[in-house]
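Q: Build me a model:
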Amino acid sequence: MNHHHATKSLAAFFAALFLISASGRADENYAGQTARPSPDWLRRATIYQIFPRDFSAAGNLVAVTARLDELQKLGVTIIWTMPIHPIGEKFRKGEFGSPYSIKDYYAVDPNYGTLADFKALVAGAHQRGIKVIMDLVANHTAWDSVMMTNKNFYKQDAAGNVIPPVPSWTDVAGLNYANPALREYMIAMLKFWIKECDVDGFRCDVAGMVPTDFWEQVRDALTQVKPDIMMLAEETKKPEFLLHAFDMDYSWPLLATMNQVLIHSAPASKIRESWEDSRRQFPKGALHMRISDDHDEARAVARYGLNGALATSALMFTLDGVPLIYNGMEVGDATESGDPALFDKLTIFWNPKERVPLRNIYHDLIQLRKQYAAFRTSDVNWLHNSDETRLVTFTRADDKDEFLVVINFSNRPLVAKIEGVNANGFSPLKISGHDDPDDGPLPSVYLDGFQWRIYHRTIDAVAKK
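A: Modelled structure (predicted):
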């Protein structure tokens, strides 16, 4: 989103939009409705976002395919490739231009390789049990797009001049969804990528700027080609998206809240409030992508420090929803991201100096979500504790297992007591690369700055006590 100009914080921008629109649509009770069912492979997933230009020195698709074994070992189950199409040259920003300014939806950027290279990437991922979703930029194209031969595909001003979707997005031209011929063109194009390359779904850029009924058309059309297709909306303020069109959207308000807590010293209790706000606005069972890092933000390690970034990841991986790893996050890469990195080449630094073994920690968090269905339910049971300005405490459970998650969101040690928890049978999980906890007995917890712990017990163990 907003790939075309800098904002102070996208997360704050979205959170503000979310509040405005949420208050404006109080008449519709989405929380009383149920979200469309999502495939089980999505609920247990960890999504890995790849910017092929920055992923390797070569900056192409072959270099991504070469590292699939590594991604499989990490445990990721969905790869989302940022746009792989040729980038417009007219009104380009930066040396390379934004990948979100697309010249031809049917082509592969020659800097990235060929259609055959992309097919090989998808096939290689599938061999390793990994799904692949493409970035779909349906709202706008480059000014020198092959579609410009049909001016009626585009939004126009009163004088008939093609216009950008937002005045400051000068490098792109807005598409006109009032034109049924455009809809047909786009749907045919999406079917091409499923039939030709066997992709598993789409991450839909600035989805909220494109009409909901178009997305519902897309879902119906694509489901006929591939029944368990996945659609992710880059959106946070349209609960109706999750009724029929999309499987999941973004949890931008929670990201904005993390920035408030970790950068601006807001109380950690705001995290629960943000989650509860969202719960009141969305259909039952709605899935949100849990993010702390992506191509629109400065890296989480740059914003929060290494330990703060890890504490945030511990939250995103243990809450309901589906977590995202942005390429390089698993090694603590701190290379500049967001604007203007999108318009140039800033290769990920894969071997940063003196980092804790982040890859092992992420691996273990991913395995937890795969292994235990308790993390895939929609329920989060928030617990009160004696230091809610700093400490977040909740449980995740199903009929077999229960997990207690405790996270210190301050940089200072704390001692606190968790309320309303029967502590029988809980023992701390070992997360590799994470210090062994020096524990007093629950319900008291002793945590260093930004320290977190996950405790586990089987439901049988509680019953026996």
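
Q: switch to C-alpha atoms for all contacts and neighbour counts from now on
A: OK.

Q: Tell me the backbone dihedrals of the closest residue to residue 145 other than its chain neighbours, please.
A: The spatially closest residue to residue 145, leaving aside those adjacent along the chain, is residue 103, at 4.0 Å (C-alpha to C-alpha, 6 or more residues apart in numbering). Per-residue torsions, residue 103: phi -90, psi -40 (degrees, to the nearest 10).

Q: Run through the residues that contact residue 103.
A: Contacts for residue 103 (C-alpha atoms under 8 Å, 6 or more residues apart in numbering) come out as 85-88, 141-146.

Q: so how far is residue 182 from it?
A: Here the criterion is C-alpha to C-alpha, to the nearest Å. By it, residue 103 lies 15 Å from residue 182.

Q: before we move on, what about residue 81?
A: 24 Å.

Q: Over to residue 372?
A: On the measure of C-alpha to C-alpha, residue 372 and residue 182 end up 44 Å apart.

Q: tell me the secondary structure for the nearest residue to residue 382 once chain neighbours are set aside?
A: Excluding its sequence neighbours, the residue lying closest to residue 382 (C-alpha to C-alpha, 6+ apart) is residue 394, at 4.2 Å. Residue 394 carries the three-state label strand when classified by DSSP: H, G, I helix; E, B strand; the rest coil.

Q: Residue 394: what's it in contact with?
A: Neighbouring residues of residue 394 by C-alpha under 8 Å, 6+ apart: 380-383, 404-406.

Q: a markdown table for these, including pLDDT?
A: As requested, the contacts of residue 394 are exported to a markdown table (pLDDT from 0 to 100):
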| residue | pLDDT |
| --- | --- |
| 380 | 98 |
| 381 | 98 |
| 382 | 98 |
| 383 | 98 |
| 404 | 98 |
| 405 | 98 |
| 406 | 98 |
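
Q: Out of those, which is nearest to residue 240?
A: residue 380 (22.4 Å; C-alpha to C-alpha).

Q: mind checking the end-to-end distance for stretch 318-336?
A: Separation of the first and last residues of stretch 318-336 by C-alpha to C-alpha is 27 Å.

Q: for stretch 218-231, same thing?
A: Across stretch 218-231, the terminal residues are separated by 10 Å (C-alpha to C-alpha).

Q: can you check stretch 126-138 too?
A: From start residue to end residue, stretch 126-138 stretches across 26 Å - C-alpha to C-alpha.

Q: How about residues contacting it?
A: 68-69, 72, 76-84, 100, 102, 122, 125, 175, 186, 199-207, 210, 230.

Q: now stretch 182-202
A: Contacts to stretch 182-202, defined as C-alpha under 8 Å, 6+ apart, come from residues 105-106, 118-119, 122-123, 131-136, 138, 153, 176-177, 214, 218, 221-222, 225-226, 228-232.

Q: in the chain, which spans are helices?
A: Assigned by DSSP state H, the chain shows helices spanning 10-24, 40-43, 52-55, 61-65, 68-74, 115-127, 180-197, 212-225, 241-244, 252-264, 269-281, 300-318, 358-371, 459-464.

Q: Give the other helices and strands that the fifth one contacts.
A: Applying 3 or more C-alpha pairs under 8 Å, 6 or more residues apart in numbering; DSSP states H and E, one finds that helix 68-74 contacts helix 358-371.

Q: Now the helix it packs on: buried residues?
A: Applying a neighbour-count criterion of 16 or more other C-alpha atoms under 10 Å, one finds 358-370 buried in helix 358-371.

Q: wait, which of those residues is closest to residue 323?
A: Residue 323 lies nearest to residue 366 out of those, by C-alpha to C-alpha, at 8.9 Å.

Q: Help me confirm that that closest one comes into contact with residue 78.
A: No - the criterion here is C-alpha atoms under 8 Å, and residue 366 misses it with residue 78 at 12.0 Å.

Q: Can you pull the residues that touch both of the two?
A: residue 46.

Q: For PyMOL, write the select line for the buried members of the contacts of stretch 182-202.
A: A single PyMOL command suffices to select whichever of these are buried according to 16+ other C-alpha under 10 Å:
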select buried, resi 105+118+119+122+123+131+132+133+134+135+136+138+153+176+177+214+218+221+222+226+228+229+230+231+232
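
Q: Which of the helices and strands in the chain ranks last by mean pLDDT?
A: Ranked by mean pLDDT, DSSP states H and E, the weakest helix or strand in the chain is helix 10-24, scoring a mean of 52.

Q: For the residue nearest to residue 382, list each beta-bridge partner.
A: Beta-bridge pairing of residue 394 under DSSP bridges involves residue 382, residue 405.

Q: tally of neighbours for residue 269?
A: 18 (other C-alpha atoms under 10 Å).

Q: List the contacts of the residue lying closest to it once chain neighbours are set aside.
A: Nearest in space to residue 269, with sequence neighbours left out and distances taken as C-alpha to C-alpha, 6+ apart, is residue 388 at 5.5 Å. Residues counted as contacts of residue 388 (C-alpha under 8 Å, 6+ apart) are 267-269.

Q: what number of residues lie near residue 157?
A: By other C-alpha under 10 Å, the residues close to residue 157 number 10.

Q: repeat for residue 160
A: Neighbours around residue 160, by other C-alpha under 10 Å: 11.

Q: what residues are up against it?
A: With contact set as C-alpha under 8 Å, 6+ apart, residue 160 has no partners.

Q: State the distance from it to residue 151.
A: 9 Å.

Q: about what we covered before: list just the nearest of the contacts of residue 388 to residue 96.
A: Top of the list for closeness to residue 96, among the contacts of residue 388 and by C-alpha to C-alpha, is residue 268 at 40.0 Å.

Q: Does that closest one touch residue 392 like I think?
A: Yes - if you go by C-alpha under 8 Å, residue 268 and residue 392 touch, sitting 6.5 Å apart.

Q: so what's in contact with the two at the same time?
A: Residues touching both residue 268 and residue 392 (C-alpha under 8 Å, 6+ apart) are residue 409.

Q: correct me, but residue 242 touches residue 35?
A: Yes - with contact defined as C-alpha under 8 Å, residue 242 reaches residue 35; the gap is 5.4 Å.

Q: Which one of these two is surrounded by more residues?
A: A count of neighbours by other C-alpha under 10 Å puts residue 242 above the other of residue 242 and residue 35, at 27 against 24.

Q: where along the stretch 351-465 of the chain do the strands fall?
A: Using DSSP state E, counting those that start in this stretch, the strands found in the stretch 351-465 of the chain span residues 381-382, 391-397, 401-408, 414-417, 427-428, 444-447, 452-458.

Q: For residue 305, find the nearest of those strands.
A: Among these, strand 401-408 sits nearest to residue 305 (C-alpha to C-alpha), with 14.0 Å.
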